[in-house]
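**Student:** I'd like to go over a predicted model; first the sequence, then the structure.
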Amino acid sequence: MIIILLIGIIALVFGVLLLVAPNSLIKLERQANKIVMTDPFFMKYRVVVGIGLLGASAYMIYQYIQFA
């Protein structure tokens, strides 16, 4: 059950970064030398994807609190 909380927190962090500081994700990708979430799709629709991640995160954290 703790995995749902961890995924919710990770989604929350990525959602906030997509909305507030998308350049930090690009820097993170360069340091990790992997594709994190900087595909052209994610950067073009970063606001929609960020809001979606925040919504999914809120739902996962809410479900964790309900069953904990």
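**Tutor:** Good, I have the coordinates. Small disclaimer: the values here were computed from a predicted structure and weren't measured.
**Student:** All the helices of the chain, residue numbers only.
**Tutor:** Remark: helices assigned in the chain by DSSP state H are 2-20, 22-32, 40-44, 46-67.
**Student:** so how many other residues sit close to Gly15?
**Tutor:** 21 (other CB atoms under 10 Å). The C-beta positions use only the backbone N, C-alpha and C, and glycine is treated the same way.
**Student:** Wait, it touches Met60, no?
**Tutor:** No. In this structure Gly15 lies outside contact range of Met60 using CB atoms under 8 Å: 11.6 Å.
**Student:** Just the pLDDT for the spatially most central residue of the chain.
**Tutor:** For the chain, the residue sitting closest to the mean C-alpha position, by CA atoms, centre = their mean, is Phe14 at 2.6 Å. Listed pLDDT for Phe14 reads 89.
**Student:** Ala11: neighbour count?
**Tutor:** For Ala11, the count of nearby residues is 20 (other CB under 10 Å).
**Student:** I'd like the distance between it and Met60.
**Tutor:** As for Ala11, its distance to Met60 is 7 Å (criterion: CB to CB, to the nearest Å).
**Student:** likewise Val20?
**Tutor:** The gap separating Val20 from Met60 is 20 Å, by CB to CB.
**Student:** ok, these two, which is more surrounded?
**Tutor:** In terms of neighbours (other CB under 10 Å), Met60 is the more surrounded of Val20 and Met60; the figures are 20 against 9.
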